[in-house]
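>>> kindly return the folded structure for what I paste below:
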Amino acid sequence: MPIIQGRGGVAMLSNCALQSRIAQAILHDDRCDVAPVLAKAAFDPLRRFNIYRNNTFASLTATLIAVFPVTVQLLGENYFRYVAGIFIRNNPPKEARLVRYGGNFPRFLAGFEDIRSMPFIAETARLEWMIAEALDAPALPGCILEQLADGEADTVPQLFLQPSLRLLVCRWPALEIWSAHQPDGQIGTLTALCRRPERIALWRTNESVRFLRLEARDFAFLHALRKRASLEAAVDRILPRTPDFDLSAALSGLFAEGLVARIHHIQLATN
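Residues are numbered from 1 along each chain as shown. Model prediction:
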C-alpha cells in the first residue's frame with residue numbers, strides 16, 4: 001500500500017483510496033492532500049502534477065470539441081471551453097475510451113443556468129452525441145425485402161435494425177441547425193428560429209451519417225422495431241392510432257435504406 005507521511009505519523013492508503021484522492025485533486029485542483037503521495041524527484045512533484053492535471057483537462061476538452069463541433073460554434077469556443085471545464089470537474093470519464101466521453105453533456109447544457117434561454121443549444125448537442133454514437137457503431141450488410149418470405153407458415157418475422165440506428169425527438173429544429181453549420185450549409189437561414197418539433201432517424205453508412213425526418217407514425221414504427229418487437233406486434237401498436245399507416249411503403253423504405261440487418265422468424269404462440 002502507498003504510505004503517506006503526515007504530521008501525526010504514517011497513514012496507509014489502499015489503491016482505491018489513493019486513486020480517488022488523485023482524481024479529486026485533478027478535477028478540483030485540491031493539491032494539499034495529494035502532495036505527500038507524490039514521489040520526490042529532480043523536479044518539483046507538484047509542478048509535475050500540475051502538468052498532468054492540465055493535460056487531462058486539455059485532452060477531455062479537446063474530446064468534447066471534437067464530438068460537439070456545432071455546439072462549439074453556437075456557444076463560441078472560449079465560452080465552450082469554460083462550460084466544458086465545469087462539466088469535466090463534475091463528470092469525470094467512466095470509460096477508458098475517450099470516444100465514449102460526453103454522453104451526459106447535452107443534459108448538462110440543458111440545465112446550465114446561463115444558456116437556459118437558448119434550449120436549442122442542448123437539443124443540437126443531443127443530436128451531435130447521437131451522431132458520435134452512430135459513427136462508433138458497426139455498419140452491417142443490409143437484408144433484402146424478399147427474405148421476409150423465408151419463414152415457415154407458422155412464424156412471424158422479427159426485424160433487427162442496424163446497430164447504429166438512433167431515434168431522436170427534438171422540440172427545436174436541431175437537424176436544421178446542425179445542417180446550416182456544415183461547410184455547405186447556410187447559417188443565414190437560421191435568423192428566425194422558433195420551436196418546432198422534429199422526429200429524426202440517423203444511422204451510419206460507411207464513414208458518414210444518413211438522416212431522415214419522420215412522421216409520427218413512421219417514427220413509432222421504427223421505435224417499436226428497435227425495441228425488438230416482432231413485425232406483427234409493431235404494426236399492432238401503430239394501427240389503432242394511425243389506421244392509414246402504409247406498411248408496404250414503410251417496409252420498402254426500410255429495406256431500400258439498408259436498415260434491416262437481420263431477420264429472425266419467430267414461432268407463433270399456440271393456445
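>>> please enumerate the strands of the chain.
3-6, 9-12, 155-161, 166-170, 198-205, 208-213, 260-267 (DSSP state E).
>>> pretty sure Ala134 contacts Ser164?
Yes. With contact defined as Cβ atoms under 8 Å, Ala134 reaches Ser164; the gap is 4.3 Å. For glycine as for every other residue, the C-beta is placed from the backbone atoms N, C-alpha and C.
>>> what residues do the two have in common as contacts?
Trp203, Arg204 (Cβ atoms under 8 Å, 6 or more residues apart in numbering).
>>> quick one: which of the strands of the chain is nearest Phe108?
For these, the distance to Phe108 is smallest for strand 166-170, at 17.2 Å, taking Cβ to Cβ.
>>> any low-confidence regions in this protein?
For the chain, applying pLDDT under 70 flags the ranges 1-52, 269-271.
>>> for the strands of the chain, could you give me TSV that also reports mean neighbour count and distance to Ile86?
Listed next are these as TSV, based on neighbours: other Cβ atoms under 10 Å; distance: least, Cβ to Cβ, whole Å:
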stretch	mean neighbour count	distance to Ile86
strand 3-6	12	30
strand 9-12	9	32
strand 155-161	18	37
strand 166-170	19	24
strand 198-205	20	28
strand 208-213	14	29
strand 260-267	16	40
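>>> would you list those strands in JSON lines and tack on distance to Phe245?
JSON lines is the format used below for these (distance: least, Cβ to Cβ, whole Å):
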{"stretch": "strand 3-6", "distance to Phe245": "67"}
{"stretch": "strand 9-12", "distance to Phe245": "67"}
{"stretch": "strand 155-161", "distance to Phe245": "16"}
{"stretch": "strand 166-170", "distance to Phe245": "17"}
{"stretch": "strand 198-205", "distance to Phe245": "15"}
{"stretch": "strand 208-213", "distance to Phe245": "17"}
{"stretch": "strand 260-267", "distance to Phe245": "18"}
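>>> which one of these lies nearest to Asp184?
strand 208-213 (13.4 Å).
>>> how far away from the center of its chain is that closest one?
15 Å (Cα atoms, centre = their mean, to the nearest Å).
>>> helices or strands next to that strand in the packing?
helix 119-136, strand 198-205 (3 or more Cβ pairs under 8 Å, 6 or more residues apart in numbering; DSSP states H and E).
>>> out of these, nearest to Pro240?
Per Cβ to Cβ, nearest to Pro240 of the helices and strands packed on strand 208-213: strand 198-205, 19.2 Å.
>>> what's that closest one packed up against?
Strand 198-205 packs on helix 119-136, strand 166-170, helix 174-180, strand 208-213, helix 216-226, going by 3+ Cβ pairs under 8 Å, 6+ apart.
>>> could you rerun that using 6 Å?
helix 119-136, strand 166-170, strand 208-213 (3 or more Cβ pairs under 6 Å, 6 or more residues apart in numbering; DSSP states H and E).
>>> would you reformat these as TSV and include distance to Gly253?
Listed next are the helices and strands packed on strand 198-205 as TSV, based on distance: least, Cβ to Cβ, whole Å:
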stretch	distance to Gly253
helix 119-136	18
strand 166-170	15
strand 208-213	9
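>>> related to what we said a few turns ago, just put the helices and strands packed on strand 208-213 in JSON lines and tack on distance to Glu176.
Formatted as JSON lines, the helices and strands packed on strand 208-213 follow (distance: least, Cβ to Cβ, whole Å):
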{"stretch": "helix 119-136", "distance to Glu176": "10"}
{"stretch": "strand 198-205", "distance to Glu176": "8"}
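>>> and Ala62, which of those is closest to it?
Using Cβ to Cβ, those put helix 119-136 closest to Ala62, at 14.0 Å.
>>> buried residues in that closest one?
Buried residues in helix 119-136, counted by 16 or more other Cβ atoms under 10 Å: 120-135.
>>> and if you look at stretch 239-249?
Result for stretch 239-249 [16+ other Cβ under 10 Å]: buried residues Phe245.
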